[in-house]
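In: I would like the atomic coordinates for the input below:
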Amino acid sequence: MASVCVCSDYFTVNDDGELCLLPGRQGLRDVVVFSEPGTYQFRASDYPWLARVRVLVQGAGGGSAGANAANNQCIVRPGGAGGGYSESVLDVSALGAVESVVVGAGGSAGTGNAPGGSGGSSSFGGLVVAPGGDGGTAAQSSGTVADAVQGVAGTFAGTGQQSSGGGASGGGIRLSGTNGLSGAGGESRLGHGGFPRSTEGPGTASRGYGGGAGGALSYGGGENGFEGGKGIVIVELYG
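Out: Numbers count the residues shown, from 1 in each chain. As a prediction, this is how the structure comes out:
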């Protein structure tokens, strides 16, 4: 009669004589993605086989300011800063019965000559937290003389086993009333900032998640900024 040997590295036999997989030996089994701004709940009990999670958290990017120069004059705006990023691998025993998941919204776009809004922080409980990037400033006034404006500093690192701050945004430069360059949006771990512009127009969109918006440029008309890139929380489930 043939016999079957069971590898004890991966299997066990319970008291009822059933062959069972050992917890924590199955590798990646599922991925849960929270990609829309808002607050959610993660319950470990929804996954009875869960042994550990790898959590990737991206904060949202800052929005850029509006620009409204006088006729035949120029205003350039810097971009918004990129959001921070944090990551941790956590045993299921480290999780609460319910962990609150927050996905930060991108910073608001400035209108008129108002600054851009700051991006929202993203988090997985209090265990993994990534701050949002600051919004682009509106320091430059309308004019024709050469002038430069500095970019926005990147946010500090948040909470996690691996954590990094977001990227600083690019500054802007005005050469004359009809020639200037706005600033690029700050980079993020999971996204890219909006591009700088030399033609008149609104702020520019980021790509991916957490990038800052690019700056607006006005040669004598109202141009809005652009909103920053939204955050994201990714939870990899290991059995």
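In: ends of stretch 54-64, how far apart?
Out: Distance across stretch 54-64, first residue to last, is 32 Å (Cα to Cα, to the nearest Å).
In: what bits of this structure have low per-residue confidence?
Out: Within the chain, the segments meeting pLDDT under 70 span 1-11, 17-18, 23-24.
In: which residue is the nearest non-sequential neighbour of the spatially most central residue of the chain?
Out: Residue closest to the average C-alpha location in the chain (Cα atoms, centre = their mean): residue 210, at 2.5 Å. Closest residue to residue 210 apart from its sequence neighbours, by Cβ to Cβ, 6 or more residues apart in numbering: residue 188 at 3.3 Å. In this view, the C-beta of every residue, glycine as well, is placed from N, C-alpha and C.
In: any idea how far that neighbour is from residue 30?
Out: From residue 188 over to residue 30 the distance is 25 Å, taken as Cβ to Cβ, to the nearest Å.
In: neighbour count winner among the two?
Out: residue 188 (38 against 12; other Cβ atoms under 10 Å).
In: distance of that one relative to residue 36?
Out: 17 Å.
In: hmm, residue 228 and the residue nearest to residue 210 touching each other?
Out: No - contact criterion Cβ atoms under 8 Å: residue 188 and residue 228 do not qualify, at 9.4 Å.
In: any common contacting residues for those two?
Out: 61, 83, 133, 206, 210-212 (Cβ atoms under 8 Å, 6 or more residues apart in numbering).
In: with respect to residue 163, which of those is nearest?
Out: Residue 163 lies nearest to residue 83 out of the shared contacts of residue 188 and residue 228, by Cβ to Cβ, at 12.1 Å.
In: helix, strand, or coil at that closest one?
Out: Assigned with DSSP: H, G, I helix; E, B strand; the rest coil, residue 83 falls in the coil class.
In: same thing with the one 10 residues further on?
Out: Classification of residue 93 into helix, strand or coil gives helix, according to three-state DSSP.
In: can you pull the contacts of it?
Out: Taking Cβ under 8 Å, 6+ apart as the definition of contact, residue 93 has no neighbours.
In: ok, now residue 205?
Out: 194, 213-214, 226, 229.
In: at 6 Å what do you get?
Out: Residues near residue 205 by Cβ atoms under 6 Å, 6 or more residues apart in numbering: 194, 226.
In: picking that back up, hey, what's the residue nearest to residue 210 bridged with?
Out: residue 191 (DSSP bridges).
In: and the gap between it and residue 62?
Out: 10 Å.
In: likewise residue 30?
Out: According to Cβ to Cβ, residue 30 and residue 62 sit 33 Å apart.
In: please apply the same query to residue 86.
Out: Applying Cβ to Cβ to residue 86 and residue 62 gives a distance of 18 Å.
In: same drill for those two, tell me which one is more crowded.
Out: residue 62 (43 against 27).
In: what about the nearest residue to that one once chain neighbours are set aside, how many residues close to it?
Out: Leaving aside its sequence neighbours, residue 62 sits nearest to residue 80 (Cβ to Cβ, 6+ apart; 2.9 Å). By other Cβ under 10 Å, the residues close to residue 80 number 50.
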